[in-house]
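*Asks:* sequence first, then the predicted structure:
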Amino acid sequence: MLKFKNETFKIMQIADTQEGAKVSPDTLKLINAALDREEPDLVVYSGDQIWKKTSFRGNKDKVRRVLEALTEPVRSRNIPFTVCFGNHDRQVGLTNREQFEIYKELDGFIGEDNADCDGCANHIIEIGSGEEPDFLLYVIDSNSSLEIGYDCVHKNQIEWYRKNRDEYEKKYGRLIPSIVIQHIPLCEVFELLTEVKKNTDGAVRGFRTHANRFYILNRDKVNAEGFMKESPADPQENSGEFAAFKEKGEVLGVYFGHDHNNSFNGRVDGIDLGYTQGAGFHVYGPGLDRGVRIIELKKDGSFDTYDLRYRNLVGKKLDEPVHYALYQIMPTNTYDAMIRIARFFSVVGIAAVVIIMLLFFFG
């Protein structure tokens with residue numbers, strides 16, 4: 001069991017570093033500055049730590065070096081850490097389970113891998129101030145099959161959660177307040193949005209199951225500082241995960257990454273749902289608002305959450321400004337790239353028609 005040191009227990013969530021064979025110095029500056037500011041008691045890397053098969057080609061030593069570099073700021077401060085996996089980690093040529101074995105060799109890693117259900121590294125961390133846990137942290141694999149779009153937490157994982165929830169209740173005679181961290185968001189995050197017309201200021205275009213719809217944050221439901229610069233890429237199947245979390249009311253919050261350009265949180269049916277923006281500078285992201293999330297647990301059973309951003313922690317100076325500029329214009333996903341290409345050829349086509357007409361009438 002991890003212990004409260006004072007009146008609070010701080011969890012830092014680091015989402016979507018998504019590094020290749022060389023880790024960005026700006027990513028590390030962000031992580032180091034956040035660790036120095038908050039001095040968390042636990043760090044959770046919440047998926048897509050690495051990507052780019054061309055960078056690794058299944059080379060285990062290369063993968064190890066990058067994972068060591070990404071976790072060095074945490075390990076050098078002797079902070080316990082754990083991970084869940086995203087939809088890109090496995091693309092380096094090593095399975096998530098092979099990568100998990102690498103993590104297990106790193107000092108301070110406390111993750112576990114439950115083999116009784118789908119995915120890799122489903123586990124529970126107990127957090128308390130005495131002999132009994134005051135909180136449980138569920139770290140869940142949201143899986144990575146891209147055959148159906150984005151995957152979800154599977155039925156047998158939900159049963160694993162239910163089984164453990166009920167066993168803790170039976171053992172201690174009470175429900176244990178719980179937090180969940182995973183990579184891919186819950187479908188219910190759309191309850192925090194408002195569908196609007198295309199030309200609405202700040203509207204983002206949905207895709208896949210939300211194609212050709214447009215959304216903005218519902219400011220009455222989310223935190224004042226929250227932002228959304230891309231549509232939630234939720235699972236293509238709602239497996240009932242949120243409904244399970246609602247059953248007994250002990251799940252206080254669920255936090256995820258996946259969509260790098262989003263950072264907001266708000267309550268849906270009593271559960272706080274929160275996006276954590278991307279932390280990586282070698283992939284697309286929300287500019288200097290790249291950051292991390294803090295989940296601050298309190299002994300009285302309550303909690304607070306907020307994000308920390310590069311611009312406030314480090315400033316505007318970047319070690320790799322050219323990389324930064326290139327990734328700022330990078331498409332957020334394949335659908336976004338296709339829309340941009342279509343717009344480009346549409347503009348080119350219109351320009352060509354105008355030139356032909358001008359040549360016809362005035363040539």
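*Replies:* Arrived safely. Keep in mind that this is a model prediction, so the values were computed, not measured.
*Asks:* how about I295, what does it touch?
*Replies:* K10, I11, M12, Q13, I179, G253, Y255, F303, D304, T305 (Cβ atoms under 8 Å, 6 or more residues apart in numbering). Bear in mind the C-beta positions are built from the backbone N, C-alpha and C, glycine included.
*Asks:* what kind of secondary structure is the first one in?
*Replies:* Counting by DSSP: H, G, I helix; E, B strand; the rest coil, the backbone at K10 sits in strand.
*Asks:* if we can go back for a sec, ok, the contacts of I295 vs A279, which is closest?
*Replies:* A279 lies nearest to Q13 out of the contacts of I295, by Cβ to Cβ, at 9.3 Å.
*Asks:* pLDDT wise, what is the closest one at?
*Replies:* Predicted confidence (pLDDT) at Q13: the value is 98.
*Asks:* can you get me a residue count around it?
*Replies:* Neighbourhood size, Q13 [other Cβ atoms under 10 Å]: 24.
*Asks:* kindly export the helix or strand it falls within (C-alpha atoms) in PDB.
*Replies:* Assigned by DSSP states H and E, Q13 belongs to strand 8-14. C-alpha atoms of strand 8-14 as PDB (Å, rounded to 0.1, in the frame of the first residue of the first chain):
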ATOM      1  CA  THR A   8      -2.900  14.700   0.700                       C
ATOM      2  CA  PHE A   9      -1.600  12.100  -1.800                       C
ATOM      3  CA  LYS A  10      -0.700  13.400  -5.200                       C
ATOM      4  CA  ILE A  11      -0.900  11.400  -8.400                       C
ATOM      5  CA  MET A  12       0.700  12.900 -11.500                       C
ATOM      6  CA  GLN A  13      -0.700  11.600 -14.800                       C
ATOM      7  CA  ILE A  14       1.700  11.900 -17.800                       C
END
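*Asks:* could you give me the buried positions within stretch 312-330?
*Replies:* The neighbour-count check on stretch 312-330 (16 or more other Cβ atoms under 10 Å) flags L313, V314, L318, H323, Y324, Y327 as buried.
*Asks:* stretch 36-44 now?
*Replies:* The neighbour-count check on stretch 36-44 (16+ other Cβ under 10 Å) flags E38, P40, D41, L42, V43, V44 as buried.
*Asks:* restricted to helices, list those residues.
*Replies:* Using DSSP state H, the members of the buried residues of stretch 36-44 that fall in helices are E38.
*Asks:* the nearest residue to L313 once chain neighbours are set aside in helix, strand or coil?
*Replies:* Counting by Cβ to Cβ, 6 or more residues apart in numbering, A33 is the residue found nearest to L313 once chain neighbours are left out, at 3.9 Å. Secondary structure state of A33, per three-state DSSP, is helix.
*Asks:* thinking A33 is in contact with V314, fair?
*Replies:* Yes: with contact defined as Cβ atoms under 8 Å, A33 counts as touching V314 (5.2 Å).
*Asks:* mind pulling up the pLDDT for the residue lying closest to G93 once chain neighbours are set aside?
*Replies:* Taking Cβ to Cβ, 6+ apart as the measure, G93 lies nearest to G58, with 2.8 Å between them; neighbours along the chain are not counted. pLDDT, G58: 80.
*Asks:* wait, S263 touches G226, no?
*Replies:* Yes: counting by Cβ under 8 Å, S263 does reach G226; the two are 6.1 Å apart.
*Asks:* neighbour count: the two, which is higher?
*Replies:* Between S263 and G226, counting by other Cβ under 10 Å, S263 is the more crowded of the two (29 against 19).
*Asks:* so what's that one scoring on pLDDT?
*Replies:* As predicted, S263 sits at a pLDDT of 98.
*Asks:* for it, give me its contacts.
*Replies:* S263 sits in contact with G226, F227, Y275, T276, Q277, P286, D289, G291, R293, D307, where contact means Cβ under 8 Å, 6+ apart.
*Asks:* 10 Å - rerun?
*Replies:* Going by Cβ atoms under 10 Å, 6 or more residues apart in numbering, S263 touches 15, 222-223, 225-229, 257, 274-278, 286, 289-293, 306-307, 309.
*Asks:* quick check: phi and psi at it.
*Replies:* Per-residue torsions, S263: phi -150, psi 100 (degrees, to the nearest 10).
*Asks:* and which of the buried residues of stretch 36-44 is nearest to N96?
*Replies:* Closest to N96, out of all of the buried residues of stretch 36-44 and judged by Cβ to Cβ, is V44, at 15.5 Å.
*Asks:* which parts of the host helix or strand of L70 are buried?
*Replies:* Following DSSP H and E, one finds L70 within helix 60-75. Neighbour-count burial for helix 60-75 flags K62, V63, R64, V66, L67, A69, L70, T71, P73, V74, R75 (criterion: 16+ other Cβ under 10 Å).
*Asks:* coming back round to it: what do S263 and G226 both touch?
*Replies:* Here S263 and G226 have G274, Y275, Q277, D307 as joint contacts, going by Cβ under 10 Å, 6+ apart.
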